[in-house]
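K.L.:
after the sequence you'll find the predicted model.
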Amino acid sequence: MAYSNSTGRFGYAYGLTDRQSAEHNARANCLAADATVICWGKEVYIAFVASGTGAYGSAWDADPKLAEAKAFEYGREYDKNCRLLLLFHTRRGTG
């Protein structure tokens, strides 16, 4: 998962076999020159939360509810108004 501080865009990749490919594709899917990888995992769920102020949080876990809860915990350290923008499985994608 990648995030751009300047644009607020995010990108992600799933179903890839190695970390380097996943990170490369996540940055490319972010469509921003300053895209930075903020979370990576294999065979886990990744959750991403953000607010309108630029605060964000991301986390991974084998349990989607725990990934989401951890991401909110991290994001709400900076802004209580974070909302869930993405939850996906690193092998299967969203849904």
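P.N.:
Alright, I've got the coordinates. Numbers count the residues shown, from 1 in each chain.
K.L.:
F72 in helix, strand or coil?
P.N.:
helix (DSSP: H, G, I helix; E, B strand; the rest coil).
K.L.:
residues contacting it?
P.N.:
With contacts defined as CB atoms under 8 Å, 6 or more residues apart in numbering, the neighbours of F72 are 47, 49, 57, 82, 84. Where you see a C-beta, it was placed from the backbone N, CA and C, and this is true even at glycine.
K.L.:
mark which of the residues you listed are buried, thanks.
P.N.:
By neighbour count, with 16 or more other CB atoms under 10 Å, the contacts of F72 hold 47, 49, 57, 82 as buried.
K.L.:
now the residue lying closest to E43 once chain neighbours are set aside: how far from V44?
P.N.:
In space, and not counting its chain neighbours, E43 is closest to R91: 5.8 Å by CB to CB, 6 or more residues apart in numbering. Here the criterion is CB to CB, to the nearest Å. By it, R91 lies 9 Å from V44.
K.L.:
what's the spacing between K70 and E77?
P.N.:
As it turns out, when the distance is counted by CB to CB, K70 lies 11 Å from E77.
K.L.:
residues shared between the contacts of these two?
P.N.:
Shared contacts of K70 and E77, counting by CB under 8 Å, 6+ apart, come down to G57.
K.L.:
who has more neighbours, these two?
P.N.:
Neighbour comparison, K70 and E77: the larger count goes to K70, with 18 against 11 (by other CB atoms under 10 Å).
K.L.:
what's the pLDDT at the more buried one?
P.N.:
Per-residue pLDDT puts K70 at 98.
K.L.:
buried residues in the helix or strand hosting H24?
P.N.:
Assigned by DSSP states H and E, H24 belongs to helix 19-30. Of the residues in helix 19-30, 22-23, 25-27, 29-30 count as buried by neighbour count, 16+ other CB under 10 Å.
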